[in-house]
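**Q** one predicted model, sequence on top.
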Amino acid sequence: MKKVGIIGAGWYGFRPQIKDLSFREMVFEAASRAYENAGIDPRKDVDTFVSCQEDFLEGISIADEFAPDPIGGAMRPTMTVAGDGLQGIIHGAMQILSGVSNVTVVEAHAKPSDIERIDKIIEFAMDPLFSRLGINVHFLAGLDATKFMKKYGIKRKDLAEVVSRNLSSGFKTPRSSFASKVSVDDVLSQDFVVYPLSRMDIAKYVDASIVFILASEEIARKYDPIWIEGMSFATAEKLGEAEYLSIAAKQAYKMANVKPSKVDGIFVDDRYSYKELQHLEALGISSKEFLRDQNIEVNPYGGHLAKGVPLEASGLSLLLDAIDFIKEGHESAIVASWRGIPPTLAQYWW
């Protein structure tokens, strides 16, 4: 089977609030950096463009009208994905593998600081029964966390260790606005937002834009590419389990012909501290063994707890970390993003 390679990347932001640029200008900044990184001209060298965005998060109806210009795709084939950036990567890879394109640009961005009531936007993704009862997303996460912790023997202290380690690891990358030196006791001393989660267990939102450039195997070999060996996405719902990731991971492992134990680094969504451990279990890695032995690199740059959650760009944020990790000399990485509301979930896996 032919392969798809990543030949360039660019990003802008990763700050709690960017006041001086609109989301379109942020995308332009990230795209300019990606094209400079790859040494290509978007008007001559790119065949198709993919933008990941959602009208509700933009506050603009038919927001995809604004997609082409900032990425150099005016009057060119441009599609939008109302989903996570990793899903956009998969769409871009499929375009290349199907022969539609040789070079495809994938963009995702977020400007949650512009959203006056993001909690009300999130309610649109919830079962109406929940919102009518006044149940918010953190309450659902608390239920999901409690059931997961009971099944796998995870303690509150284990979640605090995830928070402490990830916030400290954030100092390794300039994208971490929330990196901090905090102890396990510091985390445990916090009041609960909803049991078993304190405010430190919940990642904050961040403004950011990210652009990746994908290329066919023939073109990618002219660069120093990062190869995409396996990919999949799935949707499922099961309280206390990341079933969506289990399904996607099995498909991607088969495609890549790899076992998780043979991979150098794991980059998973940790917007709630327990989710990092839940996602490890779904990938076939024992969370208890990880906590005990620290025998594998998991979110070595701090994940979302350190960098923040850039909405639809969350998966691409983890992918940026994975690429930095590989460029440091490591051979391989798993990237797993999550887009959903506990326990109604969707997952995109690369």
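**A** Arrived safely. Numbering: from 1, shown residues only.
**Q** how about the strands of the stretch 151-300 of the chain, start to end?
**A** Under the criterion DSSP state E, counting those that start in this stretch, the stretch 151-300 of the chain contains strands at 192-194, 197-198, 207-216, 226-228, 232-236, 265-268, 297-298.
**Q** among the ones you listed, which comes closest to Asp69?
**A** Of all the strands of the stretch 151-300 of the chain, strand 207-216 sits nearest to Asp69, with 13.6 Å by CB to CB. C-beta: built from backbone N, CA, C; applies to glycine.
**Q** quick check: neighbours of that closest one in the sheet, parallel or antiparallel?
**A** Next to strand 207-216 in the sheet, as set by DSSP bridges, lie strand 4-15 (antiparallel), strand 103-110 (antiparallel).
**Q** list the contacts of the residue nearest to Ala38 when sequence neighbours are not counted.
**A** With CB to CB, 6 or more residues apart in numbering as the criterion, Ala38 has its nearest non-adjacent residue at 2.8 Å, and that residue is Gly8. Going by CB atoms under 8 Å, 6 or more residues apart in numbering, Gly8 touches 34-35, 37-40, 212-213, 223.
**Q** picking up where we left off before, possible to save the strands paired with strand 207-216 as a markdown table with mean pLDDT and distance to Phe290?
**A** A markdown table is the format used below for the strands paired with strand 207-216 (pLDDT from 0 to 100; distance: least, CB to CB, whole Å):
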| stretch | mean pLDDT | distance to Phe290 |
| --- | --- | --- |
| strand 4-15 | 98 | 26 |
| strand 103-110 | 97 | 28 |
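**Q** pipe those into CSV and attach distance to Ala256 per row.
**A** Formatted as CSV, the strands paired with strand 207-216 follow (distance: least, CB to CB, whole Å):
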stretch, distance to Ala256
strand 4-15, 12
strand 103-110, 19
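**Q** which one of those strands lies closest to Ile326?
**A** strand 4-15 (9.8 Å).
**Q** out of the strands of the stretch 151-300 of the chain, nearest to Pro68?
**A** Of all those, strand 207-216 sits nearest to Pro68, with 13.3 Å by CB to CB.
**Q** how is the chain carved up into domains?
**A** 4-116+206-228, 126-203+232-349 (automatic domain parsing).
**Q** of the strands of the stretch 151-300 of the chain, which shows the lowest average pLDDT?
**A** Of all those, strand 232-236 carries the lowest average pLDDT, namely a mean of 91.
**Q** tell me which of the strands paired with strand 207-216 sits nearest to Gly170.
**A** Set against Gly170 and scored by CB to CB, the strands paired with strand 207-216 come closest in strand 4-15, at 10.5 Å.
**Q** what comes up buried for the closest one?
**A** Using 16 or more other CB atoms under 10 Å as the test for burial, strand 4-15 gives 4-14.
**Q** related to what we said a few turns ago, bridging residues for the residue nearest to Ala38?
**A** Beta-bridge partners of Gly8, as defined by DSSP bridges: Ile213.
**Q** which residues of the chain score low on pLDDT?
**A** 1, 343-350 (pLDDT under 70).
**Q** ok, back up a step: for Gly329, find the nearest of the strands paired with strand 207-216.
**A** strand 4-15 (17.1 Å).
**Q** surely Phe56 touches Glu123?
**A** No. With contact defined as CB atoms under 8 Å, Phe56 does not count as touching Glu123 (10.3 Å).
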